[in-house]
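In: next comes the sequence, and after it the predicted model I'd like to discuss.
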Amino acid sequence: MQEPPIDHGRTMCAPTRPVMGITAERGNHMTFFEKFTLIFTNAKYLDSMLTGLRMTLAISVGAAVLGLILGTIVALVGLAKSKNPLMKIPKLICALYVTVVRGTPMALQLFIMAFVVFAIRGFPLVVTAIIAFGINSGAYVSENIRGGILSVDIGQTEAGRSLGLSSAATMWYIVIPQAIKNVIPSIGNELIALIKETSIVSMIGMYDLTAAAKNVGSGQNLANYLAPMSVAALFYLAIVYLLTFIIKIIEGRLRQSDRR
């Protein structure tokens, strides 16, 4: 079994000892069910998979938080109405950011972040990955939020202004609360996509859930990859199902608040 390579001394999360592949456990003579069960009953295999799972969750949560913050800021800047000519500069930067990020592959963005922008000896790869995925997610979240804000009836804004509220106060107290209800499903879909996209971090030498499955299944018999990859798929499916369940609960609570 091979350890994932450590690039230029960068900090990463990986098993401290090599994990021998299933082939070492008479893998060529085991059924798929036996291999699948072995991953959960063998401590070293299970520990390897859980190590990768923890890395996947860490990157996903960190990138999701960064993406939501960045996306909200970009959306509000893009929709801001100001007579100040200097405001055109941040609006242009935000528009360029969204265009570039949405128009280029995530893998390419990850490579640029890891080997160009943050190519610093000792800089944690996990932080690099969180920033890369957060920036990517922020571009899509900003469009979701922008669409949600624009979907709110203009009459709501006019009503707020007629009550003497400033543009910022109207946006914060009237428009955004209604927009949140509209964007929850689309942001939920973006978070689900983000979790699945993190499976490419092994391309920069990180030990995530997908890399762990490859590590456990490594050997001369390619059929041994099926069981650990199936376990990884099961973990991904469980994460996505849990997130979907939480989103539905939030949607239900918001619908109940509308009826009151």
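Out: Right, received. Where do you want to start?
In: could you use CA atoms for every contact and neighbour count after this?
Out: OK.
In: report how many residues lie close to residue 155.
Out: When neighbours are defined as other C-alpha atoms under 10 Å, residue 155 has 9 of them.
In: next one, pLDDT for it please.
Out: We have a pLDDT of 81 for residue 155.
In: then residue 80?
Out: At residue 80, pLDDT is 82.
In: that one and residue 226, how far apart?
Out: From residue 80 over to residue 226 the distance is 51 Å, taken as C-alpha to C-alpha, to the nearest Å.
In: in the chain, which spans are strands?
Out: With DSSP state E, there are no strands along the chain.
In: residues near the nearest residue to residue 75 once chain neighbours are set aside, how many?
Out: Spatial nearest neighbour of residue 75, chain neighbours left out: residue 142 (4.8 Å); criterion: C-alpha to C-alpha, 6 or more residues apart in numbering. Using other C-alpha under 10 Å, residue 142 has 26 other residues around it.
In: likewise residue 42?
Out: 10.
In: what's the spacing between it and residue 49?
Out: Applying C-alpha to C-alpha to residue 42 and residue 49 gives a distance of 11 Å.
In: residue 70: how many residues sit nearby?
Out: Around residue 70 there are 19 residues (other C-alpha under 10 Å).
In: buried set for stretch 142-154?
Out: Residues of stretch 142-154 classed as buried by neighbour count (16 or more other C-alpha atoms under 10 Å): 142, 143, 144, 145, 146, 147, 148, 149, 152.
In: hang on, the fifth one packs against residue 76?
Out: Yes - taking C-alpha atoms under 8 Å as the contact criterion, residue 146 and residue 76 are neighbours in contact, 7.5 Å apart.
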